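K.L.:
sequence first, then the predicted structure:
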Amino acid sequence: MSAQFDGLLQWLCENGGYLHPNVQVAADEDNGVHWRATANIQPDTTLSVVPHSLALSYLNALVDDAHPALKSAKKKLCVENIGFFYLMTQYLAREKSFWKPYLDTLPQPDTGFTTPLWFDDPDDTAWLDGTDVYHSSLGRRKVYERYWHEGVALLSQAGIDTEPYTWDLFRWAITIFTSRSFSSRAIAPQDSKYWAAYKTNSDGRRQAFLLDMSHSPAEDLDFPVLFPMQDVPNHHHNAHVDWVFDPGRFSINASDNVEAGGQIWNNYGAKGNDELLLGYGFCIADNPNDSVMLTLKPPSAALQRDLRAYHPGYFREDTGDWNGEKATFKIHQLPEPSDGQWVGMWSLLPEPLLELMLYILRFERDVPFKFIEHPLQFFLHGDGKRYLPHIARMIVQSLMPKLQKLQNASFPAEPSSARQRYAAIYRDSQLSILQSITVALRAFTRSFRYVTPQASSYIPGKAERKCVFAFLEEAITNFYLEFEDDFQELILGLEASTNSIELDVMIAAGWEEDLWVLLLCAMLIVHEKDKESLTGSVVRSFASEYGVPRFSPTSDENGAPTILGVDHEEERNDLMQVVEKARERRANKKSFWHDGRWSERFIAQWGGRILRCESTMMMVKVEEDADEEARLVVYLQPEEAPHLQPILHPI
Ligand SMILES: C[S@@+](CC[C@H](N)C(=O)[O-])C[C@H]1O[C@@H](n2cnc3c(N)ncnc32)[C@H](O)[C@@H]1O
């Protein structure tokens, strides 16, 4: 191999390129071909320079008279595919190719490549079972197969023998491009109009042809470019190197000192293991740039209408439809939850994702759309605090299917090849990131459970107002502590329908959700008797979010007062029968059961709506010594939650 690299270096220098004398092309089993420093290299040293005339991309095909079929293929093949086929033509005729010294040094088609495009063996694919990369690789393979058929058909129509253009050679060309190319930014002209494409003229010299690309669509100007020699160094996520794009040449400069004998790394960018595996065929354990993908489902059509004005980027330019790719977010590993770390944790999540989830939540609550300019600030230091536990839950719920798929996948105990080893690193890191996110966000949500020093089943009293997820017994206990008479009315009135005054019996009989709805309505009716109460504060907080129910002086056609300010129709309306029965049982007209505000609409639009929007299932201990059980909890946020400082050490 070293003879080939000597040839490459000589060719590079003869054509105006440069490699620093302290940089050596080396090869060993662990690192493959790479750069090594033969002597100390100082920061700001130019390591290599490659003129644009040596680059290989689809632009060369556009000026190459030796391949007229590809030269005129632009209307039939996409630019990426022209590049793949052009590389194949050069490889097949490498003895005559201008790039022969380069082609001789590339990994050959029979190399065992490790990108998923080469996972032909079911034992290899088993390692990708349940992962995003598995689906992405299937999608890519489909596209590449289509490319291959299209290219072969084009050559065949031009009378070219297509037998040598095998699927394996095509996969090789794809892999060379995905694992070694640079972006076309490296050769983009400053005026972005005339791009230089090079070919060898009749006296053997490289000659530039200027191509007017001013009418080309943007996607034709974004293509991969191979730069001989610049593609030798391996990737390290901590390496500091400068890619310098001067007119007519591309240089790599060292920013760090490299000691004699050390490997000289390139930095391919902040890439996660999914991207590394798909494009390059390797992964890095503990990769700090690793992430899991979360793709938001398209919001409802009505919300899309509101969003379009503020975020046109989430919609396709051509069709105006929702663009799921743009609503795909990378979520990184979250730190172990620890005291006071919550602000930091939220800052690590993608702000645009939090913002979209906020709009979705508000839409589900029938709260009018409002554009939030600084979402993170709104969440951490503004009125948006109330949404965070719900957003935490939405993120966990969105990621849960991914986690379950990874956990349920079956694959052999130990990887037995390089492909399997890299796939194992990828799937392990996906699992670990997903687990870190669910653990941190669940801990955040659960930290809104409150434990009084004295009794674990009370929600905080006046002196200790906190946001809290309460289960029914806690909320009713608080009602009892603050409005004892009304508590009696509540229980005795309910008995008329539930045939019990025991909460646990009522819950066991299936009344839990209904009791919550009626309790929330009762809280609204009685809260003004004690404005300082926690109940009062919670009701005012709900009212600020969902609108204050204002009751009109007129009645609807059934004689019930109509509620102004809310127009959402809820299904739940049979609870008025419970109220009627309670009225019969509790004859005292001062009882809140006889309040004129009770109506089907009121029950639905206040208690029903709050329960729908503010409740979730959570593992809680109903009694101190009991095991945890899944219970319905409702987020009761007092009007002035002193701060978003959830309490650690939940019950
Ligand atoms: C631009 S080439 C670098 C030269 C390559 N080592 C070779 O032998 O030809 C990129 C390829 O090098 C390998 N590579 C680069 N960085 C790596 C790393 N940190 N760990 C493992 N493989 C790496 C992968 O096979 C990748 O597709």
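P.N.:
That came in fine, so what should we check first?
K.L.:
drop to CA atoms for contacts and neighbour counts, all remaining ones
P.N.:
OK.
K.L.:
any regions of the stretch 1-150 of the chain where pLDDT drops low?
P.N.:
1 (pLDDT under 70).
K.L.:
90 instead, please
P.N.:
1-2, 74-75, 112 (pLDDT under 90).
K.L.:
how about the residues of it by the ligand?
P.N.:
31-34, 107 (Cα under 6 Å from any ligand atom).
K.L.:
out of the residues you listed, who's nearest Arg393?
P.N.:
Asn31 (43.1 Å; Cα to Cα).
K.L.:
and the residue nearest to that closest one when sequence neighbours are not counted, how far from Tyr18?
P.N.:
Among residues not flanking Asn31 along the chain, Asn234 sits closest, at 7.7 Å (Cα to Cα, 6 or more residues apart in numbering). Asn234 sits 19 Å away from Tyr18, taking Cα to Cα, to the nearest Å as the criterion.
K.L.:
ok, Ser396 - contacts?
P.N.:
No, residue 396 isn't Ser; it's Val. With contact taken as Cα atoms under 8 Å, 6 or more residues apart in numbering, Val396 is in contact with 437-438, 441-442.
K.L.:
about what we covered before: which of the residues of the stretch 1-150 of the chain next to the ligand fall in strands?
P.N.:
If you go by DSSP state E, those have 32-34 in strands.
K.L.:
any chance of CSV for these, columns neighbour count?
P.N.:
Compiled in CSV, those are given as follows (neighbours: other Cα atoms under 10 Å):
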residue, neighbour count
Gly32, 13
Val33, 21
His34, 21
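K.L.:
any quick PyMOL command for the buried ones out of the contacts of Val396?
P.N.:
Selection of buried members from those for PyMOL, criterion 16 or more other Cα atoms under 10 Å:
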select buried, resi 437+438+441+442
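K.L.:
those residues of the chain touching the ligand, which are they?
P.N.:
Residues of the chain lying near the ligand (Cα under 6 Å from any ligand atom): 31-34, 107, 179-180, 231-236, 280-282.
K.L.:
nearest to Gly204 among the residues you listed?
P.N.:
Asp231 (25.3 Å).
K.L.:
name the SS class of the closest one, please.
P.N.:
Of the three states, Asp231 takes coil under DSSP: H, G, I helix; E, B strand; the rest coil.
K.L.:
which residue is the nearest non-sequential neighbour of it?
P.N.:
Per Cα to Cα, 6+ apart, closest to Asp231 is Arg180, 5.4 Å.
K.L.:
check Ser156 too.
P.N.:
Thr162 (6.2 Å).
K.L.:
can you check the pLDDT for the one you found?
P.N.:
Predicted confidence (pLDDT) for Thr162: 98.
K.L.:
and for Val343?
P.N.:
73.
K.L.:
quick one: the helix or strand hosting it to chain centroid distance?
P.N.:
Counting by DSSP states H and E, the element that carries Val343 is helix 342-347. How far helix 342-347 lies from its chain's middle: 17 Å, per Cα atoms, centre = their mean, to the nearest Å.
K.L.:
about what we covered before: so how far is the ligand from the residue nearest to Ser156?
P.N.:
28 Å (Cα to the nearest ligand atom, to the nearest Å).
K.L.:
and Phe487, by the same measure?
P.N.:
67 Å.
K.L.:
give me the neighbour count for the closest residue to that residue other than its chain neighbours.
P.N.:
Nearest non-adjacent residue to Phe487, counting by Cα to Cα, 6+ apart: Tyr480, 5.1 Å away. Around Tyr480 there are 15 other residues, counting by other Cα atoms under 10 Å.
K.L.:
secondary structure element for the residue nearest to Ser156?
P.N.:
Per DSSP H and E, there is no helix or strand for Thr162.
K.L.:
pretty sure it contacts Glu150?
P.N.:
No - counting by Cα atoms under 8 Å, Thr162 stays clear of Glu150, with 11.8 Å between them.
K.L.:
confirm Arg449 sits in a strand?
P.N.:
No - looking at Arg449 with three-state DSSP, it is coil, so not inside a strand.
K.L.:
ramachandran coordinates for the residue nearest to Phe487?
P.N.:
Here is the backbone geometry of Tyr480 (degrees, to the nearest 10): phi -60, psi -40.
K.L.:
model confidence for it, exactly?
P.N.:
Reported pLDDT for Tyr480: 93.
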